[in-house]
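Participant: attaching a predicted model along with its sequence, questions to come.
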Amino acid sequence: GEMSATVLVPAYNEEECIHATLKSLIAQTNVDLEIIVVDDGSKDNTARVVERVQSEMGGHIITLIRIDNVGKPNALNIGLREATHDYIVTVDADTILAPDAISKLLTAFADETVGAAAGKVYTTGEETVYDIMQSTEYAIGQNIDKKALSLLNAVHVVPGPIGGWRKEVLEEIGGFQLGTVVEDQDTTLAVLKAGYRIAYVDSAHAFAETPQTLGDFLRQRYRWTYGTLQCFWKYKWAVVTRPFTGLGWMIVPAMFLYGIILPLSYSIVDAALILGIVSGAWSTLVVPVVIFMIFDTIYSGIGTFGERNWLRLTLSVPVTRFLTRYIAFYVLVQGLVTASEGNAVLWNKVRRTGDLRRLFATMLGASAKEINK
């Protein structure tokens, strides 16, 4: 028989995309869906667009809940309270799903030990350098890392664009997790901590928008990096309390290594390269760094193999990895500064129009007044 699920679509100022998102949900095959849109205090026409789709559909399938702005995890929890099915699928309002995405995603729950399931995310376009950076990162993260990690029950994030959750597990952990800026990652880790497995379903495809300006890209990366720092801090004791689980022996150490140590060390590697070229220390400094870069490119090539525009993605790797590393280094330093100052980060969402001056004011911990002087 058909599987049934409740789809939660949290939306904040999504008038340009949500129509396409809802159309792709209505077009889902082999699944009985209840769609709940939670309009989180949008200041644009999001609600009106949803109402238009409702009337086109005879009004039955889509429920619209309008609330004051409470942030994404709270909005999801408000939707969760209204959900009537055993499985919850979360979909960001700038995402388009393949027609079989949800039915494929739900197959993961045939295994009783699975608490949540991650789908596979692609970018919607590959026109800009940011698209290419994101595509490469998605491909490597999903084709290599997630496949390997799912064997170890160490998939550490069920992505916002397409995620499946067992409703009773969400209720057991108190709903979508508050207190970090990455509720998807935080909630995934809470599910693991409660003793369930996270599945990765690479046949469940979602296409998500990428930031199209440097300001938006930095903001998104800053949120991810800062959120990972928050999650590392929140779950650090799992190393002691759950030592033989994916969470304890893989995820928390990896957050520390890849989230903090590696981005800081990359700059040392690059400094070594420059120093080696200047001082002529080819064999001791330059050759190892070049070998590292070649290895990185090959690894990325394996990760992106078989994706659309495979060759273009692979050939762009040396450049994009270089850019990505410095963005990672920059946002990590900013994140550590913010964390040490104890400032709450208010960006729950990447705005589509980046106010760069305010961004850098916030990042540098200065007030906008000082920057405007």
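Facilitator: Yes, it's here.
Participant: for this structure, longest strand please?
Facilitator: For the chain, the strand that runs over the most residues, judged by DSSP state E, is strand 197-208.
Participant: what's the next secondary structure element after it?
Facilitator: Counting by DSSP states H and E, the next helix or strand C-terminal to strand 197-208 is helix 214-235.
Participant: give me the sheet partners of the longest strand of the chain and which way each runs.
Facilitator: Paired with strand 197-208 in the same sheet, following DSSP bridges, are strand 95-97 (antiparallel), strand 114-123 (parallel).
Participant: just how off-centre is the shortest one within its chain?
Facilitator: To tie it back to what came earlier, the one meant is strand 95-97. For strand 95-97, the distance between its averaged C-alpha position and the chain's averaged C-alpha position is 14 Å (C-alpha atoms, centre = their mean, to the nearest Å).
Participant: and the next helix or strand after that strand, what does it pack against?
Facilitator: In the C-terminal direction, the helix or strand that comes right after strand 95-97 (DSSP H and E) is helix 101-106. Counting contacts by 3 or more C-beta pairs under 8 Å, 6 or more residues apart in numbering; DSSP states H and E, helix 101-106 is packed against strand 3-11, strand 31-40, strand 87-90, strand 114-123, strand 163-166, strand 197-208. C-beta here means a position set from N, CA and C on the backbone, and glycine is covered the same way.
Participant: distance to Leu178 added to the ones you listed, as CSV?
Facilitator: Written out in CSV, the entries for the helices and strands packed on helix 101-106 read as follows (distance: least, C-beta to C-beta, whole Å):
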stretch, distance to Leu178
strand 3-11, 14
strand 31-40, 14
strand 87-90, 15
strand 114-123, 17
strand 163-166, 16
strand 197-208, 20
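Participant: got the ones you listed as a markdown table, with distance to Arg325 and mean pLDDT columns?
Facilitator: Written out in a markdown table, the entries for those read as follows (distance: least, C-beta to C-beta, whole Å; pLDDT from 0 to 100):
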| stretch | distance to Arg325 | mean pLDDT |
| --- | --- | --- |
| strand 3-11 | 31 | 96 |
| strand 31-40 | 34 | 95 |
| strand 87-90 | 30 | 98 |
| strand 114-123 | 20 | 96 |
| strand 163-166 | 28 | 98 |
| strand 197-208 | 23 | 95 |
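Participant: closest to Thr21 out of these?
Facilitator: Nearest to Thr21, of all these, is strand 3-11, at 6.4 Å by C-beta to C-beta.
Participant: hmm, who's touching the next helix or strand after the closest one?
Facilitator: Counting by DSSP H and E, the element after strand 3-11 in chain order, helix or strand, is helix 18-26. Under the criterion C-beta atoms under 8 Å, 6 or more residues apart in numbering, residues 7, 9, 11, 14, 33, 35, 37, 46, 49-50, 52-53, 57, 61-62, 91-99, 102 lie in contact with helix 18-26.
Participant: of these, select the buried ones using a ChimeraX command.
Facilitator: Per 16 or more other C-beta atoms under 10 Å, the buried members of the contacts of helix 18-26 correspond to this ChimeraX selection:
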select :7,9,11,14,33,35,37,46,49,50,53,61,62,91,92,93,94,95,96,97,98,102
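Participant: before we move on, what SS does the closest residue to Pro10 other than its chain neighbours have?
Facilitator: In this structure, Pro10 finds its nearest non-sequential neighbour in Ala75, 4.4 Å apart by C-beta to C-beta, 6 or more residues apart in numbering. With DSSP: H, G, I helix; E, B strand; the rest coil as the basis, the three-state label of Ala75 is helix.
Participant: check contacts around Ala75.
Facilitator: By C-beta under 8 Å, 6+ apart, the contact list for Ala75 reads Pro10, Tyr12, Val38, Asp40, Ile67.
Participant: how close does it sit to Ser203?
Facilitator: Using C-beta to C-beta, to the nearest Å, we find Ala75 at a distance of 29 Å from Ser203.
Participant: again, but for Ala238
Facilitator: Applying C-beta to C-beta, one obtains 30 Å for the distance of Ala238 from Ser203.
Participant: what do you get for Gly276?
Facilitator: Between Gly276 and Ser203 the computed distance is 45 Å (C-beta to C-beta).
Participant: more crowded one of the two?
Facilitator: Applying other C-beta atoms under 10 Å to Gly276 and Ser203 shows that Gly276 carries more neighbours, namely 19 against 13.
Participant: doesn't the more buried one belong to a helix?
Facilitator: Yes: when the secondary structure is assigned by three-state DSSP, Gly276 falls within a helix.
Participant: next one, pLDDT for it please.
Facilitator: Confidence per residue is given as pLDDT, and for Gly276 that number is 87.
Participant: verify the stated contact: it with Ser283.
Facilitator: No: taking contacts as C-beta atoms under 8 Å, Gly276 lies outside contact range of Ser283: 9.0 Å.
Participant: got any residues that touch both of these two?
Facilitator: Joint contacts of Gly276 and Ser283 (C-beta under 8 Å, 6+ apart) do not exist.
Participant: work out for me the element Ala339 sits within.
Facilitator: helix 310-341.
Participant: same question for His156.
Facilitator: Counting by DSSP H and E, His156 is part of no helix or strand.
Participant: which residue is the nearest non-sequential neighbour of it?
Facilitator: For His156, ignoring the flanking residues on the chain, the nearest one in space by C-beta to C-beta, 6+ apart is Ile251 at 4.5 Å.
Participant: relative to Ala206, how far out is the residue nearest the centre of the chain?
Facilitator: Geometric centre of the chain, nearest residue: Pro159, 4.8 Å, by C-alpha atoms, centre = their mean. Applying C-beta to C-beta, the value for Pro159 to Ala206 is 8 Å.
Participant: show me whatever sits in contact with both of the two.
Facilitator: Shared between the contact lists of Pro159 and Ala206 (criterion: C-beta under 8 Å, 6+ apart) are residues Gly119, Val121.
Participant: that concludes my questions; thank you for your assistance.
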